[in-house]
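Peer 1: My questions concern the predicted model and sequence given below.
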Amino acid sequence: MIHKIQHRFHIAKYQKSLLGIMFVLPAICLLFTFLILPAIMAGKYSFYNYSILKPENMNFIGLTNYTDVLQSKAFWKTMTNTFYFVVVVVPFQSSLALLMAILINKKSRITNVFRIGFFSPVITSIVVISILWTFMYAKEGLINNFLSIFGIPNQPFLTSEKQAMNSIIFMSAWQASGYFMMIFLAGLKEIPETLYEAAAIDGANKFKQFIHVTVPGLRNVIKFVVVVTTIHAFKLFQQPFIMTGGGPNGSTQTVVQMIYKEGFQYRNAGYSSTIAILFFIVIAAVSTLIQKLIKDRSY
Amino acid sequence: MLRWLKKIIVMVCVLSLLVSLLGCAKEEKTGTTETTEGKSTSSSSEEEVILTVWLPSNNESENKVMSEIMDAYNELNVGKVVVEYQFVPRANAFAYEDKISAAVTINQLPDVLMMDGPNVSNYAYSEIIKPITEFFTEDELDDFVASMLSQGTYNGELYALSPSESSVVIYYNKDIIDAAGIEVPMKLEDAWTFDEFMEIVKTVHKDGEVYGVNIAPDYGTGEWMTYMPTLFLWSFGGNIISEDGMTAEGYINSSASVEAMEYFQSLSNYSNWQATPTEFEEGRAAFKICGSWLVPGFEANPDLNWGITYLPYEKTHVAPSGDWAWGVSSTKHAKESADFLKYMLNAENIENFTTIAAKPPTRKSLLNASELWASYPRSIIKDQVINSGHPRPKTPAYPVVTQEFASAAVDLFLGADVKERLDLAASNIDENLQRYFK
């Protein structure tokens, strides 16, 4: 009897896992075709001299692509640009999102208006936003017109090497922070009101409450936001592609843009796969590091 | 019993999910064959050849006349050939070229395709297109303007021909120029020198009100920033790349090239890089340096009092030329493709297309016979096409060359150091040539 039950239990378990496999199969198939397989192929191409227009001339060249990329000034310039973008945009965008979340966390009639206002850039296409901001940043655009009211001279927002990347950073943070605001908002709702009351009784002012109650309460959310924002920021492409084309003087050229340019426009699939592989290693290392850093800090 | 029923329902659900996924893919396939069948049912012959054709999507009127010409071909060849054409967007960038690259990797090139003139050598080198010299007799080829034959030739073989040519001209706002009392050259030999042009630009430029010159900026995303700045380069005696298309060092950064690009850079003092597309039309720029293709639009604009004149020059008078050209891929249907190509390039169809597109035809017989092209403003474009047309450099690395030069030109216009920036472009181009073409 016991034996029989055990046997039936086994079959049920087996069938259950079969069913599970069936359910994830479509997703796995798609992921494999469009993510895993191309990644493996990129790994292979990175060891080949492979021009898209001459597929039959593909030949194995070992690590030559890697040494070429690592010696290329253009690669290190795009790497520096990308890191600059990440280092500035991650704290700026995350704190902006947190600030907005705290602002609309209060119960009031107009918070819904703000919520829609802050969130609407997120659901607008980044391409549309980039084009709009290109006009706004123009020499005779909206922002310069506004600044001229205060007697500030025309700013070359997108046409000067020093300002172009910062202009893109500001726009990107403005665009994406609404999304992370929603995540912070959900986190804030999780913090029990009683903790604030207790802190207030202990004599903590609003700022101290924020440091000692809100921040520890949001620890996991902050970790999530920072990691996601970082990975997202590394993939910067559309904004500079549309707004500056990587210029002026390559100051907004990012690694992903270089991968695209080398691969599709210059048609050097091997070389561009090498950049992609190296870039993947960098992103993986950085995001592991961030997770470690946040984990180890005890509040 | 109930449990079995449950299981069956679940299995059916899973299966239907899978089938629907597969079904999607299959449906798409049948969709396309259906359209082919839809077209061919009228003929009912089984030996009918299907020719696939790609061409860039330009403005509506150009697309319309192109489709009319190709539809007429289908009617002439009922039962023999069906041309299936597709207009591919260029998106003000290199979207069309990207599509061709993608098609090569999966072996899905069309039989006949149009390509931008300077890409001919790149595609010929990559064997994407086949020589078409044998399709034409020498007399037939003699009728085409020299700049067009030069553009389509690579390694002594003709690979592509275009129905239309292009040129860059100077448009001017008549009200502003007349008010300043400036006389505009009406003959090629009277064309301004670059120094004279700069003086005039300075006098008509009024800070914050009217810009001296508009260069039709495209933010450096397309071919324009190569096509237009070369007019300075060549006229000053510079070049982008060596004659054989294999070395940039000593050409793009030669002293003549540096001088030319310094002149180009100095124009930026009287120009707005972030100009709105209609800056000139609104009377906020005195001159506009742009392609000959703007003429019909300006003619249709009653509010704009405009004129057109020759490009200025330094040593020689040079006008950039070149246009989208027809070529044939390594297709199974070589005979049919050749026939179609010759049809698209016969005098009648070139005339039909170029009249609507308002582009100068590439056949000299048409240019010389046409009253339209004999009278101002088009006579100026015709003069430049016949006498000073200059195709862009011929090199298998053209995609790299054009992007490196265009982004250098943008950087220079925004104030980069000329020699340094051109040196960088030279080393970038040579690095790529070294890696892939030597």
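Peer 2: Nice, thanks for sending it over.

Peer 1: And the residue nearest to the spatial centre of chain A, how close does it get to residue B:182?
Peer 2: Computing the C-alpha centroid of chain A and ranking residues by Cα atoms, centre = their mean puts residue A:232 first, at 1.1 Å. Using Cβ to Cβ, to the nearest Å, residue A:232 is found at 54 Å from residue B:182. C-betas here are computed from N, CA, C, even on glycine.

Peer 1: tell me which strands and helices the helix or strand the residue nearest to the centre of chain A falls within is in contact with?
Peer 2: When elements are assigned from DSSP states H and E, residue A:232 belongs to helix A:219-234. Judged by 3 or more Cβ pairs under 8 Å, 6 or more residues apart in numbering or on different chains; DSSP states H and E, the packing partners of helix A:219-234 are helix A:73-104, helix A:161-190, helix A:269-296.

Peer 1: between the second one and helix A:219-234, how big is the angle?
Peer 2: By that I understand helix A:161-190. Going by axes from the mean of the first three to the mean of the last three Cα atoms, to 10 degrees, helix A:161-190 is angled at 150 degrees with respect to helix A:219-234.

Peer 1: Do me a favour and average the pLDDT over helix A:161-190.
Peer 2: Mean pLDDT, taken over the full extent of helix A:161-190, equals 93.

Peer 1: Just the buried residues of the helix or strand just after that helix, please?
Peer 2: Using DSSP H and E, the next helix or strand after helix A:161-190 towards the C-terminus is helix A:193-201. With burial defined by 16 or more other Cβ atoms under 10 Å in any protein chain shown, the residues of helix A:193-201 counted as buried are A:196, A:199.

Peer 1: got the buried residues for the next helix or strand after helix A:193-201?
Peer 2: From helix A:193-201 onward toward the C-terminus, using DSSP H and E, the following helix or strand is helix A:206-209. If you call a residue buried by 16+ other Cβ under 10 Å, then helix A:206-209 has these buried ones: residue A:209.

Peer 1: low-confidence ranges in the chain?
Peer 2: Looking at chain A here, since you left the chain open. In the prediction, chain A carries residues with pLDDT under 70 at positions A:1-6, A:8-9, A:295-299.

Peer 1: I was after chain B.
Peer 2: In chain B the weaker segments, taking pLDDT under 70 as the threshold, are B:1-46, B:92, B:219-221, B:438.

Peer 1: Enumerate the strands of it by residue range, in sequence order.
Peer 2: If you assign secondary structure with DSSP state E, the strands in chain B sit at B:49-57, B:81-89, B:112-115, B:129-130, B:153-154, B:157-158, B:168-173, B:211-214, B:285-291, B:306-309, B:319-320, B:325-329, B:389-390.

Peer 1: domains for chain B, by residue range?
Peer 2: Described in terms of automatic domain parsing, the domain architecture of chain B consists of the residue ranges B:49-161+B:324-358, B:168-320+B:393-437.

Peer 1: so what's the closest residue to residue A:49 other than its chain neighbours up against?
Peer 2: Computed as Cβ to Cβ, 6 or more residues apart in numbering or on different chains, the closest residue to residue A:49 that is not its neighbour in sequence is residue A:61, at 4.8 Å. Residues near residue A:61 by Cβ atoms under 8 Å, 6 or more residues apart in numbering or on different chains: A:47, A:48, A:49, A:270.
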